[in-house]
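Asks: Let's see this in three dimensions:
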Amino acid sequence: VYTNDDGEPIRMLGTHVDITDRKQIQNREFEYALEKERLRLLTDFIQDAAHEFRTPLSTINSNVYLIKATDDKDHRLRKADQIDLQVLRIQRLVDMLLMMVHLESGHGLRFAKIDLASIIMALLNNMRIQYGDTPLLIVNIEKNLPMFIGDVAYLTEAFKQILINAYQFTSDDGEISISAYIRDNEVWIDFHDTGIGIPQDVLSHIFDTFWRQDIAHSTPGFGLGLPIAKKIIEYHHGTIQVDSKVGEGSCFTVKLPLI
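Replies: Purely as a prediction, here's the structure:
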């Protein structure tokens, strides 16, 4: 701005630069980086899923060969039973992958008033039927828990996956306990076990899709249960956290807001 002797503006000098092309290039670079990241995630997912399918399929293929190679009826029946188990394993994997897809899309959840105490007790009865009386299963539910707005089927699945994880890593002489209570206007549900525990350096990975502590994936499961549980809880505007010590066990705490 140029002024006269009295300080009054008499003219202005400036420039105008059209940065449309520059911004378009930046947007294209961002979209390219985003698409590259999506492709990387999809590639990792396909590779992990392929690995999980390859193991049971290899077992099935080997047993089919052995069935064809022998006339021993008992041997053939044993191999057929092993094939049945691997087919069930594949079916469970497909079901869990489909659930992951549904959760990622956000479709299929049906919210209504539900009784969390009844859900927990029904689930615990089913777990006792499936796993028996060992390890010892203890429940402590605060009386008169308020009704909660949520999806019965999905919340039951989330709690089930946390419990399955506890059963897998707790010995028969161990203990699993579930406590439900109100704190800070939230329902807190603690899943505590006396299992092998989780090292601190891998604790941040336990909710990663397909992640398992052993590289060879020799432990039971697919590495999908905890990611599914976390996604379901987040859809209910809740959180899940874990405290663990190697050799002492783990405690998963689910916090669901009262609505």
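Asks: For the rest of this, base every contact and every neighbour count on C-alpha atoms.
Replies: OK.
Asks: moving C-terminal of the host helix or strand of R40, what's the next helix or strand?
Replies: Secondary structure from DSSP states H and E places R40 in helix 20-69. Next in sequence after helix 20-69, counting helices and strands by DSSP H and E, comes helix 73-105.
Asks: so how far is that next one off the chain centroid?
Replies: Distance, stretch centre to chain centre, for helix 73-105: 19 Å (CA atoms, centre = their mean, to the nearest Å).
Asks: SS state for V242?
Replies: Of the three states, V242 takes strand under DSSP: H, G, I helix; E, B strand; the rest coil.
Asks: Next, count neighbours for it.
Replies: Around V242 there are 16 other residues, counting by other CA atoms under 10 Å.
Asks: same thing with the one 3 residues further on?
Replies: If you count neighbours by other CA under 10 Å, K245 ends up with 15.
Asks: With Q82 instead?
Replies: 16.
Asks: ok, it - contacts?
Replies: 60, 63 (CA atoms under 8 Å, 6 or more residues apart in numbering).
Asks: Give me the helices and strands touching the helix holding R40, please.
Replies: Packing partners of helix 20-69 (3 or more CA pairs under 8 Å, 6 or more residues apart in numbering; DSSP states H and E): helix 73-105.
Asks: helix or strand right after the helix it packs on?
Replies: Assigned by DSSP H and E, the successor of helix 73-105 is strand 112-114.
Asks: With just CA atoms, put stretch 142-161 into PDB.
Replies: This file holds the C-alpha atoms of stretch 142-161, laid out as PDB (Å, rounded to 0.1, in the frame of the first residue of the first chain):
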ATOM      1  CA  GLU A 142     -23.700 -56.600  40.800                       C
ATOM      2  CA  LYS A 143     -27.400 -56.700  41.600                       C
ATOM      3  CA  ASN A 144     -29.900 -54.600  39.700                       C
ATOM      4  CA  LEU A 145     -27.600 -53.700  36.700                       C
ATOM      5  CA  PRO A 146     -29.500 -51.200  34.600                       C
ATOM      6  CA  MET A 147     -30.800 -52.100  31.100                       C
ATOM      7  CA  PHE A 148     -28.400 -51.400  28.300                       C
ATOM      8  CA  ILE A 149     -29.000 -50.400  24.600                       C
ATOM      9  CA  GLY A 150     -27.200 -52.800  22.400                       C
ATOM     10  CA  ASP A 151     -27.200 -55.800  20.000                       C
ATOM     11  CA  VAL A 152     -27.700 -59.000  21.900                       C
ATOM     12  CA  ALA A 153     -26.100 -61.300  19.400                       C
ATOM     13  CA  TYR A 154     -23.000 -59.200  18.700                       C
ATOM     14  CA  LEU A 155     -22.400 -58.400  22.400                       C
ATOM     15  CA  THR A 156     -22.700 -62.100  23.300                       C
ATOM     16  CA  GLU A 157     -20.200 -62.800  20.500                       C
ATOM     17  CA  ALA A 158     -17.700 -60.200  21.900                       C
ATOM     18  CA  PHE A 159     -17.900 -61.600  25.400                       C
ATOM     19  CA  LYS A 160     -17.600 -65.200  24.000                       C
ATOM     20  CA  GLN A 161     -14.400 -64.400  22.100                       C
END
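Asks: Low-confidence regions, the stretch 1-150 of the chain specifically.
Replies: When residues are selected by pLDDT under 70, those of the stretch 1-150 of the chain lie in 41-42, 44, 106-108.
Asks: please redo it, this time with the cut-off set to 80
Replies: Residue ranges of the stretch 1-150 of the chain with pLDDT under 80: 33-52, 96, 101-102, 104-109.
Asks: Kindly report the same for the stretch 151-259 of the chain.
Replies: Within the stretch 151-259 of the chain, the segments meeting pLDDT under 80 span 209-222, 259.
Asks: now do 70
Replies: Using pLDDT under 70, the stretch 151-259 of the chain drops low at 212-221, 259.
Asks: Spell out the residue ranges of the strands in it.
Replies: For the stretch 151-259 of the chain, applying DSSP state E, counting those that start in this stretch gives strands covering 175-183, 186-193, 239-245, 249-257.
Asks: Spatially nearest residue to R89, not counting backbone neighbours?
Replies: Ranked by CA to CA, 6 or more residues apart in numbering and with sequence neighbours excluded, the top spatial neighbour of R89 is P56, at 7.2 Å.
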